[in-house]
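S.K.: next come a sequence and a model predicted from it.
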Amino acid sequence: MADIPFDINQQHYTEYFAFKGKSAWRSRIWKEAFGEQYPEGLDHYGYLTKHELKKITSWIKGKEGSTLVDIGCGKGGPGLWLAEQNGLRLVGIDPIPGAIDQARRFQLEFSLEFPAQFTEGHFCDIPVEDKSLDIALSIDSLWPVYDKIAALMEVNRVLRKGGQFILSNWDLIGNDPVPAFEYAGFRLVDKEVSLKWRIFQEAVYEGIGRYKDELVQDMGAAANIMLHEASTSRDHLSDSMRLLYYLEKK
Ligand SMILES: C[S@@+](CC[C@H](N)C(=O)[O-])C[C@H]1O[C@@H](n2cnc3c(N)ncnc32)[C@H](O)[C@@H]1O
């Protein structure tokens with residue numbers, strides 16, 4: 001794998017994915033924050049909701065046997081769920097070896113039609129052939145990437161013509177990413193502001209503050225990323241928007 005040019009959270013993610021268990025406190029924080037919108041059983045680290053999973057499913061075109069690449073898959077939950085529900089072949093990539101290890105084991109908890117493959121890679125170096133995939137997915141994983149144009153062009157390279165790229169993103173208010181998507185060879189098909197995203201994210205940060213000691217006791221250094229996020233990202237909730245995008249390769 002080529003070197004990751006810059007990743008502002010590499011150490012935190014390495015610590016996070018080195019924790020092999022499932023923390024009851026972490027799940028409790030997310031469940032209390034999201035209520036009925038919490039997607040059970042995915043053990044994801046992000047802000048995906050049940051509503052978003054339904055929306056993504058409604059966007060996915062060629063279902064049975066199409067290949068989906070989940071970029072920045074982490075432990076793999078969202079891609080595994082979508083592959084199970086839609087009969088997709090799944091390739092998951094992440095730059096953190098601990099995430100890939102966990103995703104390989106986690107796939108055993110899903111009923112997949114095709115075995116999933118999880119491989120080290122990152123947004124600017126997706127280890128697959130040109131024009132070989134039908135769908136690319138990125139859930140809460142584009143934000144740490146320094147060179148977003150290079151990342152979008154790399155996604156474009158691996159998709160077939162007409163291939164779909166579905167992603168969640170935080171946009172700074174007044175900073176429309178659509179011209180960058182178009183520059184990289186995509187057209188916008190649909191987009192949606194994430195339902196109640198600020199309320200959910202604020203509630204997660206409050207929960208992290210409330211159960212800080214329990215999280216650290218439960219997860220050790222793996223809790224650092226959550227404590228860091230809760231203390232640094234709160235201020236940015238008012239100057240950004242979380243959206244789900246559906247793009248197509250031109
Ligand atoms: C917020 S987590 C989301 C993980 C997963 N998509 C989920 O929803 O559970 C962000 C993920 O992006 C990965 N990541 C960080 N830098 C990346 C990069 N340059 N390219 C691809 N993935 C990256 C991290 O290792 C982490 O797994």
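M.R.: Cool, got the structure. Residues are numbered from 1 along each chain as shown.
S.K.: and stretch 204-219, end to end?
M.R.: With C-alpha to C-alpha, to the nearest Å as the measure, stretch 204-219 spans 17 Å from end to end.
S.K.: how far does it sit from the chain's center?
M.R.: 22 Å (C-alpha atoms, centre = their mean, to the nearest Å).
S.K.: for this structure, which helix is longest?
M.R.: Assignment by DSSP state H gives helix 197-210 as the longest helix of the chain.
S.K.: list the buried ones in that one?
M.R.: For helix 197-210, burial by neighbour count (16 or more other C-beta atoms under 10 Å) applies to 197, 200, 201, 203, 204, 205, 207, 208. The way it works is simple: take the backbone N, C-alpha and C, and place the C-beta from them, glycine included.
S.K.: my guess is the second one meets residue 49, correct?
M.R.: Yes: here residue 200 reaches residue 49: they are 7.2 Å apart, a contact under C-beta atoms under 8 Å.
S.K.: which neighbours do these two share?
M.R.: Counting by C-beta atoms under 8 Å, 6 or more residues apart in numbering, the contacts common to residue 200 and residue 49 are 34, 37.
S.K.: residues in contact with the closest residue to residue 222 other than its chain neighbours?
M.R.: Leaving aside its chain neighbours, residue 222 sits nearest to residue 19 (3.5 Å; criterion: C-beta to C-beta, 6 or more residues apart in numbering). Contacts for residue 19 (C-beta under 8 Å, 6+ apart) come out as 219, 220, 221, 222.
S.K.: OK, contacts around the last one?
M.R.: Going back to what we said before, that points to residue 222. 15, 16, 17, 18, 19, 23.
S.K.: one more: the first one?
M.R.: With contact set as C-beta under 8 Å, 6+ apart, residue 219 has these partners: 19, 21, 23, 25, 26.
S.K.: just these now: which is nearest the ligand?
M.R.: Using C-beta to the nearest ligand atom, residue 26 comes nearest to the ligand of the contacts of residue 219, at 11.9 Å.
S.K.: so that closest one makes contact with residue 216?
M.R.: No: checked against C-beta under 8 Å, the pair residue 26 and residue 216 is beyond contact range at 11.3 Å.
S.K.: which one of those two has more residues nearby?
M.R.: residue 26 (24 against 16; other C-beta atoms under 10 Å).
S.K.: quick one, what contacts that one?
M.R.: 215, 218, 219, 226.
S.K.: how about 6 Å then?
M.R.: Not one residue lies near residue 26 by C-beta atoms under 6 Å, 6 or more residues apart in numbering.
S.K.: let me know the secondary structure of it.
M.R.: Secondary structure assignment for residue 26 (DSSP: H, G, I helix; E, B strand; the rest coil): helix.
S.K.: and residue 247, what element?
M.R.: strand 240-249 (DSSP states H and E).
S.K.: just for this protein, where's the confidence low?
M.R.: Residue ranges of the chain with pLDDT under 70: 1-8.
S.K.: what does it have sitting close to the ligand?
M.R.: 4, 7, 13, 44-46, 48, 71-74, 77-78, 94-96, 99, 122-123, 139-141, 144-145 (C-beta under 6 Å from any ligand atom).
S.K.: try 5 Å this time
M.R.: Counting by C-beta under 5 Å from any ligand atom, the chain comes close to the ligand at 7, 13, 44-46, 72, 74, 78, 94, 96, 99, 122-123, 139-141, 144-145.
S.K.: narrow these to those in strands?
M.R.: The strands, defined by DSSP state E, take in residue 94 from these.
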